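Visitor: Kindly return the folded structure for what I paste below:
(one chain, ligands or ions: 1)
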Amino acid sequence: MKIFSGIQPTGDKHLGNYIGGFRQYARTQELGDAFFCIVDLHSITVDYDPRDLHDRTLDLFAMLIATGLDPQRSTVFAQSHVTAHAEASWLLSAVTSYGQLGRMTQFKDKADQREFVSAGLYTYPVLMAGDILLYQTDRVPIGDDQRQHLELARDVAQRFNARFGKTFVVPEGIYPEIGARIMDLQEPTKKMSTTGGTEQGTVKLLEEPDAIRKKFRSAVTDSGREIRRAADKPGVTNLVDILSVATDRSPGDVEQAYDGQGYGDLKRDVGDAVVELLAPVRERYLELRSNEPELLRLLATGAEKARAASTPTLEAMYERMGFVTLS
Ligand code: TRP
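Guide: The predicted model follows:
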């Protein structure tokens, strides 16, 4: 089974990314032949600073390895190192519907937020479809917010196959169950986010243990005093979910364990559990990130493996679309 996921090298990575993303990647690599792509080409679709892009690409690569991806076993690479991605995106734009792109909620939201809307922001899902399809991907571990983009990639694959002959596997998403949506600790009806959330309510992966504990101590809870997951208790629900993931128990078990205890106990324990969860990640990350030659060496290995895996699909695309090929 082939697995592919793409991760943006933007924003400081936080607990929500770890629980809904990184941890899942490390697990899914056990399912088969896995590709993890730092989607640097996607990052230029909104205003950005070139130096940030450079540093964040290396940061993310170190983080992926620190959170458990094995660069020997899986293919971990940067999108811009494999030119097939940019090429596939153009070829696939021929079978992507203009109307469907305009209906992407992420495009509409992001376009509304800025004065300059790049063409790349609009065609972003085509590049993403190419990322996935080039590797004959069966499964895509992905966040809930990416369902619509994955649906589009499936449509593109089906349209291409129908028009030019069977070329692509039609991929399926793997969506995280609990912990899919870790919420902001201060505004628990909003997803935890370094761009859209509050500073106090966002736990960054590289934060100092004491700062993490403090954020949990000041987390917003709800009226009442029962530790129970409920629609009208978004703060408590979020804390129970986080503790359940951090200590590898079901949310029901956590609720039971806190029967009769107060919010203060819960907040303290979640803080401690998260510190414990993140400490080894932080340590490995700091060590790797300070060794840039090693990072570059590992990136080069990833690029080579990704090129070898994607070239046959790209060649088939050119050929079936009627381009004259030279060999
Ligand atoms: N759009 C995805 C996100 O923002 C990132 C991404 C790009 C991706 N290409 C991908 C995810 C391919 C999965 C597969 O999260």
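Visitor: residue in this protein nearest to the ligand?
Guide: Of all residues in the chain, Gly6 sits closest to the ligand, at 2.6 Å by CB to the nearest ligand atom. All C-beta spots, glycine's among them, are computed from the backbone N, C-alpha and C.
Visitor: Surely that residue is within a helix?
Guide: No - counting by DSSP: H, G, I helix; E, B strand; the rest coil, Gly6 is not part of a helix but strand.
Visitor: Identify all contacting residues around the helix or strand bottoming out on mean pLDDT in the chain.
Guide: One helix or strand of the chain scores below all others by mean pLDDT, DSSP states H and E: helix 23-28, with a mean of 88. Outside of helix 23-28, the residues within contact range by CB atoms under 8 Å, 6 or more residues apart in numbering are 3, 5, 7, 34, 36, 64, 67-69, 139, 141, 174, 176, 245.
Visitor: hmm, 7 Å instead?
Guide: Here helix 23-28 makes contact (CB atoms under 7 Å, 6 or more residues apart in numbering) with 3, 5, 34, 36, 67-69, 141, 174, 176.
Visitor: State the pLDDT value of Ile178.
Guide: For Ile178, the pLDDT comes out at 53.
Visitor: returning to that earlier point: check whether the least confident helix or strand of the chain comes near the ligand.
Guide: No - Helix 23-28 stays clear of the ligand (CB under 6 Å from any ligand atom), getting no nearer than 10.4 Å.
Visitor: And stretch 136-152, by the same measure?
Guide: Yes - contact of stretch 136-152 with the ligand (CB under 6 Å from any ligand atom) involves 140, 142-143, 146, 149.
Visitor: avg pLDDT for that stretch?
Guide: Taken as a whole, stretch 136-152 has a mean pLDDT of 94.
Visitor: again, but for stretch 108-120
Guide: 95.
Visitor: where along this protein do the strands fall?
Guide: For the chain, the strands defined by DSSP state E occupy 2-7, 33-38, 75-78, 139-141, 172-174.
Visitor: dump the residue contacts of the residue of the chain closest to the ligand.
Guide: Taking CB under 7 Å, 6+ apart, we find Gly6 in contact with 37, 39, 128, 131.
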